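Engineer: Have a look at this fold, sequence not included:
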């Protein structure tokens, strides 16, 4: 799994996060699977003991290369366990809910959990300064949701959090460089390729130099994926 | 790799598609890596010999579970090789470009390829009927883009195509069920969890039945990920 070919990554659906990862964590029956997940995919971290920018480095082996999102199991705080409301304070600021919370559904339409989105503010509430750091907090229902019954309570011992930075660009699949990174004049040819040649040229102001010309500079093929294995 | 844990999937960036997969295909120097990719990640398929709905079943082992997008290396057609324009016709319709084509960039801002988006129409142009099937077609530049020079021509022997269906819902990460799938009244509690219980109840019209209550119905843990291995 450490030798994943380029393009293979942890990109879970919400259903996978809740039905597999969070459920397994809460049940705690499969100790070895739990250890494997904690050590390699989603670690247990009291994220409120850290500033958001310190969190990416706490992600573990199979996910530590991810530049966009970081997953953690977050244990319930002691004060919350005693019946208090969650505080979500850190040394430098606080997490505050944004938008409306919502269900997480399985593919068959069955609600399996609950999701909140939060934004990190530096300073003290209510006058903190909003940052780019965001988080989805997932909690799982206790037991199955069945027809006609009340929704079961939420399990509180652990939540699963996805921490990410509000992005100025699109998700990585459709990624364009940030404005600072492009010095090609920002032009995109409107139509091209009649025959097999492009006639667009780079403006003289292009900042691209020879030192950026290494062809596979981003992946060491052998390191990532050994066809012999 | 076949035993990927839930949430691990082929979700490549455009840079990975062009710089690694398409470049490797075009160079053709690493035959065994090429075979491995064709057999397990991205097969070579003349997609114009098929209707779009037949394409998902042509995806290969490491990607055959993907419900959202399907990748293919598409060889240049004979008529195109003789200098004609690409036709992009199938038995039941045709692919037509939409929007503006654009560069694909590496992380450092260097353009590495070119991307077109196309939509599938059934029937005959120009009176065909638009469908939900879409495609991104990627082509790679021949050689490196260097400062001050003209853009190199595009390699035409193969393009890399991502076929997908225009979705009515969000990408899978944030997936909500389609309206048809939800019979819980569509209500989402606006605030919840003071203490540890939810008080929302399912309306009697809920369509959820006992047969949908199997806890890990979507993943066979042992099949996906054997902690012993």
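Structural biologist: Here it is on my side, so go on. Predicted, not measured: the structure shown is a model, and the values here were computed from it.
Engineer: what secondary structure does the residue lying closest to residue A:30 once chain neighbours are set aside sit in?
Structural biologist: Nearest non-adjacent residue to residue A:30, counting by Cβ to Cβ, 6 or more residues apart in numbering or on different chains: residue A:24, 6.3 Å away. Placement of C-beta: from N, CA and C, glycine included. Secondary structure for residue A:24, judged by DSSP: H, G, I helix; E, B strand; the rest coil, is helix.
Engineer: Residue A:57 now?
Structural biologist: Look at residue A:57: counting by three-state DSSP, its state is helix.
Engineer: Contacts only, for it.
Structural biologist: Applying Cβ atoms under 8 Å, 6 or more residues apart in numbering or on different chains to residue A:57 gives no contacts.
Engineer: Which pLDDT does the model give it?
Structural biologist: For residue A:57, the pLDDT comes out at 92.
Engineer: do residue A:126 as well
Structural biologist: pLDDT for residue A:126: 91.
Engineer: How many neighbouring residues does it have?
Structural biologist: A count of nearby residues for residue A:126, using other Cβ atoms under 10 Å in any protein chain shown, gives 8.
Engineer: Check residue A:49 too.
Structural biologist: As a burial measure, residue A:49 scores 9 neighbours (other Cβ under 10 Å).
Engineer: How much space separates it from chain B?
Structural biologist: Counting by Cβ to the nearest Cβ, to the nearest Å, the gap from residue A:49 to chain B is 22 Å.
Engineer: so how far is residue B:55 from the closest residue to that residue other than its chain neighbours?
Structural biologist: Closest residue to residue A:49 apart from its sequence neighbours, by Cβ to Cβ, 6+ apart: residue A:90 at 7.3 Å. As judged by Cβ to Cβ, to the nearest Å, residue A:90 and residue B:55 stand 48 Å apart.
Engineer: circling back: surely the residue nearest to residue A:49 and residue A:46 touch.
Structural biologist: No. Judged on Cβ atoms under 8 Å, residue A:90 makes no contact with residue A:46 at a distance of 10.1 Å.
Engineer: So if I had to pick from these two, which one is more boxed in?
Structural biologist: Each of residue A:90 and residue A:46 has its neighbours counted (other Cβ under 10 Å); residue A:90 has more, 17 against 12.
Engineer: Distance of the more buried one relative to chain B?
Structural biologist: Residue A:90 is 21 Å from chain B, by Cβ to the nearest Cβ.
Engineer: Could you pick out the longest helix of chain A?
Structural biologist: Ranked by residue count, the top helix of chain A under DSSP state H comes out as helix A:31-40.
Engineer: mind listing what the nearest residue to residue A:23 once chain neighbours are set aside touches?
Structural biologist: Residue nearest to residue A:23 in three dimensions, not counting chain neighbours: residue A:140, with 5.9 Å by Cβ to Cβ, 6+ apart. For residue A:140, the contact set (Cβ under 8 Å, 6+ apart) comprises A:18, A:22, A:23, A:26, A:112, A:113, A:114, A:154, A:155.
Engineer: Where does residue A:140 sit: helix, strand or coil?
Structural biologist: Secondary structure, three-state DSSP: residue A:140 is strand.
Engineer: what about it, distance to chain B?
Structural biologist: For residue A:140, the distance to chain B equals 11 Å [Cβ to the nearest Cβ].
Engineer: Ok, residue A:136 next?
Structural biologist: Distance of residue A:136 to chain B, given as Cβ to the nearest Cβ: 9 Å.
Engineer: quick one: strands adjacent to the helix or strand containing that residue?
Structural biologist: Using DSSP states H and E, residue A:136 sits in strand A:129-140. Applying DSSP bridges to the sheet, strand A:129-140 is found paired with strand A:111-122 (antiparallel), strand A:158-165 (antiparallel).
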